[in-house]
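**Student:** the sequence and its predicted three-dimensional model are supplied below.
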Amino acid sequence: MVTQSLQVYAGVKSYSLKGKLLTKKDLQTLSESRDLDELVTRLKNTTYNDSISKVTKPFSAQKIELALRDRQAELHHMMMQASGGSNVMFAYYLKFILRNLKIILKGKILGRPQSEIETSLSLHPEELIKERDIVLKALVAKDIEEAVSVLKAIGIGEEVEKAYLLYNEKKQIQVLDLYFDKSFYENLSRTVKSSGEFTLHSVCGMEIDFYNMMSILRGKFWNLDENQLQHIIVSNASSEAKEILTRMISADSIKNALNELLGTHYKDLVPQDEDDVIAKFERSFERKIYDTMNAQFVRIFGFSTVVAIVRLLDYEIRNLSSIAFGVEQNIPSQTVMDRLIVKDA
């Protein structure tokens with residue numbers, strides 16, 4: 001239960017973590033590493049020292065990302081405990097478990113051996129909350145059908161089954177992401193609505209809008225019909241949001257779907273040109289969410305800062321993972337930096 005004293009305690013912790021986030025200059029230095037050995041050495045001079053020191057040679061971007069994700073899970077778990085086991089914080093924590101399930105299910109669909117799938121996984125987030133069974137059962141399942149059956153025990157098997165059927169029709173593996181993400185955002189929406197924290201309604205509501213709008217745009221790109229599009233969006237949106245989403249679904253093109261947003265507070269995110277509009281809209285929306293999370297720290301000890309810090313940590317890990325991949329693939333530092341979402345100052 002989130003009491004007033006716990007909220008203050010968690011707020012203090014969130015401000016402390018905010019002060020330790022890496023700056024743009026820090027990320028620039030890391031991106032300029034000549035190879036992964038140098039990147040690991042430089043990461044050891046940051047708050048990620050303990051985690052990165054556990055990475056064994058030969059180094060790879062994947063190994064580094066998994067170590068960073070473990071640290072992220074630990075910090076999220078710490079904030080979850082600091083806030084008295086907040087349901088909203090737990091709803092966000094489930095993203096770690098769903099990420100592992102996505103990797104497993106995609107691996108099963110693509111016929112990858114269990115040993116290969118395991119190299120992409122870390123069960124540390126599950127260990128922290130003592131919930132490994134479902135993920136392990138899905139991992140050792142002999143095929144996708146058995147894995148789907150296992151997931152029915154936690155109530156998402158039916159959604160995964162729909163995703164698998166749609167994958168077989170469209171041959172787009174990212175369809176699985178949509179259905180897992182839909183499960184995540186529907187649960188987040190229910191949890192936030194039952195919360196007394198009014199600031200969370202707008203902060204988390206923006207993330208739910210992001211999922212819905214991006215799902216419609218991607219679905220249109222994959223030529224999903226209107227009925228299929230209705231099935232992949234979060235159903236418990238507000239009546240105003242539902243009306244906009246319905247118009248986006250009915251639009252006869254991706255550009256016209258985006259144009260439906262010109263009369264909303266998301267109008268500034270709509271790309272002006274015709275090229276790569278989905279990617280440009282996604283990046284603009286991601287930046288808006290990132291800026292919104294940073295803006296929560298004007299509120300002294302508001303619970304939105306607790307949610308904001310775990311979201312900002314997620315952005316930081318994504319940035320570091322992109323840097324690791326860039327260094328591994330010898331991508332120029334400036335090219336990598338241009339892809340990051342980070343504060344300018």
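**Tutor:** Perfect, I can see it now. Numbers count the residues shown, from 1 in each chain.

**Student:** show me which positions of stretch 70-82 end up buried.
**Tutor:** For stretch 70-82, burial by neighbour count (16 or more other C-beta atoms under 10 Å) applies to 70-73, 75-77, 79-80, 82. To be clear about C-beta, it is placed using only N, CA and C from the backbone, and glycine gets the same treatment.

**Student:** oops, could you answer that again for stretch 214-232 instead?
**Tutor:** Neighbour-count burial for stretch 214-232 [16+ other C-beta under 10 Å]: 214-220, 222, 224, 228-229, 231-232.

**Student:** stretch 199-209 now?
**Tutor:** By neighbour count on 16+ other C-beta under 10 Å, the buried set for stretch 199-209 is 199-200, 203-209.

**Student:** flag the shaky bits of the stretch 1-150 of the chain, pLDDT-wise.
**Tutor:** 1-4 (pLDDT under 70).

**Student:** pLDDT score for Ala345?
**Tutor:** With respect to pLDDT, Ala345 has a value of 61.

**Student:** circling back: among the buried residues of stretch 199-209, which are in helices?
**Tutor:** 199-200, 203-209 (DSSP state H).

**Student:** how about those residues, which pair is most distant?
**Tutor:** Spanning the widest gap among those are Thr199 and Asp209, at 16.0 Å by C-beta to C-beta.

**Student:** returning to that earlier point: dump the buried residues of stretch 70-82 into JSON lines; add distance to Val160 as well.
**Tutor:** Formatted as JSON lines, the buried residues of stretch 70-82 follow (distance: C-beta to C-beta, whole Å):
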{"residue": "Asp70", "distance to Val160": "25"}
{"residue": "Arg71", "distance to Val160": "29"}
{"residue": "Gln72", "distance to Val160": "25"}
{"residue": "Ala73", "distance to Val160": "23"}
{"residue": "Leu75", "distance to Val160": "29"}
{"residue": "His76", "distance to Val160": "24"}
{"residue": "His77", "distance to Val160": "26"}
{"residue": "Met79", "distance to Val160": "29"}
{"residue": "Met80", "distance to Val160": "26"}
{"residue": "Ala82", "distance to Val160": "33"}
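
**Student:** farthest pair in the residues you listed?
**Tutor:** Maximum pairwise distance in these, criterion C-beta to C-beta, is 18.8 Å, between Asp70 and Ala82.

**Student:** where does Leu128 fall, phi/psi-wise?
**Tutor:** Phi and psi for Leu128, reported as degrees, to the nearest 10, are phi -60, psi -30.

**Student:** so it touches Leu75, yeah?
**Tutor:** No. Leu128 is beyond contact range of Leu75, at 10.7 Å (criterion: C-beta atoms under 8 Å).
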